[in-house]
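[1] Below are the sequence and a predicted model; questions follow.
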Amino acid sequence: MLEELREDVYQALMGLPENGLVMGTSGNVSGKKDNHVVIKPSGVAYDELSPSNLVVVDLSGEVIEGDLRPSVDTPAHLHIYNRVADLRGIVHTHSTYATAFAAMGRYIPLYLTEGGDLFGTGIPVSDYVPPGDEAIGEQFYVKATGDDIKALLMKQHGVFTAGPGPKDALKGAVTVEHIAKVSYIAENGGDPEELPAEEGERLHKKYMNNYGQEE
């Protein structure tokens, strides 16, 4: 079932190691359609994944299709989907620079127009929540920045991004890691100045309304 969504989630999963956002079996991607969610199985290496061995669960977490156990982060994904109806894709990574900010319990400041374009503000950081706890989803619901694509650093853990589909959530995760890396280098090389909040909002509005081609 859900062959197209399985393929979308699989392609986003392949984007995690391709973009250096995960190590080993860490990280996961999910996608939602109606009352079903396709998600990475727990602890399976990326080169062993395929669209067919992804797991389908319902919004209460019951496995509908698949022989493998779903990701340990499934409760967090489901909590987000149940709270924010417009989100159809979620990505979780342990990408190096963004996770360094998470380890410090620091948000990523809005130094770059690129961050303003996609998120409109800096990337906030959550309170500490143990891995696998559905409270990750509640933290995301309360604190995540962004409009079309949302992002949150999980304190001492990693990064969660979400958007209208798995591809959008992957774009968010790639962007978070890039701006985290640039921010870290800039802070170690000098004293970068954060963009004003109103400029972040202006950049985001312009980007969302004018970037790319019309459908």
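    Ah, there it is. Note that the structure is predicted; figures quoted are calculated from it, not measured.
[2] Now do the strands in this structure.
    Under the criterion DSSP state E, strands of the chain are mapped to 28-33, 36-39, 55-58, 63-65, 89-93, 150-154, 158-163.
[3] neighbouring contacts of the second one?
    So that's strand 36-39. Here strand 36-39 makes contact (Cβ atoms under 8 Å, 6 or more residues apart in numbering) with 1-2, 5-6, 9, 28-32, 54-59, 64, 70-71, 74, 77-78, 81. Heads up, the C-betas are built off the backbone N, CA and C, glycines and all.
[4] Give the pairing partners of it; include direction for each.
    Using DSSP bridges, the strands paired with strand 36-39 are strand 28-33 (antiparallel), strand 55-58 (antiparallel).
[5] Which one of these lies nearest to I185?
    strand 28-33 (27.7 Å; Cβ to Cβ).
[6] Could you list which residues are in contact with the spatially closest residue to E201 that is not a sequence neighbour?
    Residue nearest to E201 in three dimensions, not counting chain neighbours: G120, with 5.4 Å by Cβ to Cβ, 6 or more residues apart in numbering. Shown in contact with G120 (Cβ under 8 Å, 6+ apart): T145, G146, D147, G200, E201, L203, H204, K205.
[7] isn't Y211 right up against E114?
    No - Y211 is beyond contact range of E114, at 11.5 Å (criterion: Cβ atoms under 8 Å).
[8] Compare neighbour counts for these two and give me the winner.
    Taking neighbours as other Cβ atoms under 10 Å, Y211 and E114 compare with E114 leading, 15 against 9.
[9] which residues touch the nearest residue to that one once chain neighbours are set aside?
    Counting by Cβ to Cβ, 6+ apart, the nearest residue to E114 once its immediate chain neighbours are dropped is I179, at 6.0 Å. Going by Cβ under 8 Å, 6+ apart, I179 touches I108, Y111, L112, E114, G115, I123.
[10] now swap in T175 and tell me
    When contacts are counted by Cβ under 8 Å, 6+ apart, T175 touches E114, G115, L118, F119, A151.
[11] Quick check, the last one in contact with A144.
    By that I understand A151. Yes - between A151 and A144 there is a contact at 6.2 Å, judged by Cβ under 8 Å.
[12] So if I had to pick from these two, which one is more boxed in?
    A151 (29 against 22).
[13] so for stretch 101-116, what's the average pLDDT?
    Stretch 101-116 carries an average pLDDT of 96.
[14] what about the longest helix in the protein?
    The single longest helix within the chain, with elements called by DSSP state H, is helix 166-189.
[15] Take it, keep the C-alpha atoms, and write them as PDB.
    Extracted C-alpha coordinates of helix 166-189, given in PDB (Å, rounded to 0.1, in the frame of the first residue of the first chain):
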ATOM      1  CA  PRO A 166       9.300  14.300   2.900                       C
ATOM      2  CA  LYS A 167      11.300  16.200   0.200                       C
ATOM      3  CA  ASP A 168      10.400  19.500   1.800                       C
ATOM      4  CA  ALA A 169      11.500  18.200   5.200                       C
ATOM      5  CA  LEU A 170      14.800  17.000   3.800                       C
ATOM      6  CA  LYS A 171      15.300  20.500   2.200                       C
ATOM      7  CA  GLY A 172      14.800  21.900   5.700                       C
ATOM      8  CA  ALA A 173      17.300  19.500   7.300                       C
ATOM      9  CA  VAL A 174      20.000  20.300   4.600                       C
ATOM     10  CA  THR A 175      19.500  24.000   5.100                       C
ATOM     11  CA  VAL A 176      19.600  23.800   8.900                       C
ATOM     12  CA  GLU A 177      23.000  22.000   8.700                       C
ATOM     13  CA  HIS A 178      24.400  24.400   6.200                       C
ATOM     14  CA  ILE A 179      23.500  27.500   8.200                       C
ATOM     15  CA  ALA A 180      24.700  25.900  11.400                       C
ATOM     16  CA  LYS A 181      28.100  25.200   9.800                       C
ATOM     17  CA  VAL A 182      28.400  28.700   8.400                       C
ATOM     18  CA  SER A 183      27.300  30.200  11.800                       C
ATOM     19  CA  TYR A 184      29.800  28.100  13.700                       C
ATOM     20  CA  ILE A 185      32.700  29.200  11.400                       C
ATOM     21  CA  ALA A 186      31.600  32.800  11.400                       C
ATOM     22  CA  GLU A 187      31.400  32.900  15.300                       C
ATOM     23  CA  ASN A 188      34.900  31.400  15.500                       C
ATOM     24  CA  GLY A 189      36.200  33.900  13.000                       C
END
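[16] All set, thanks.
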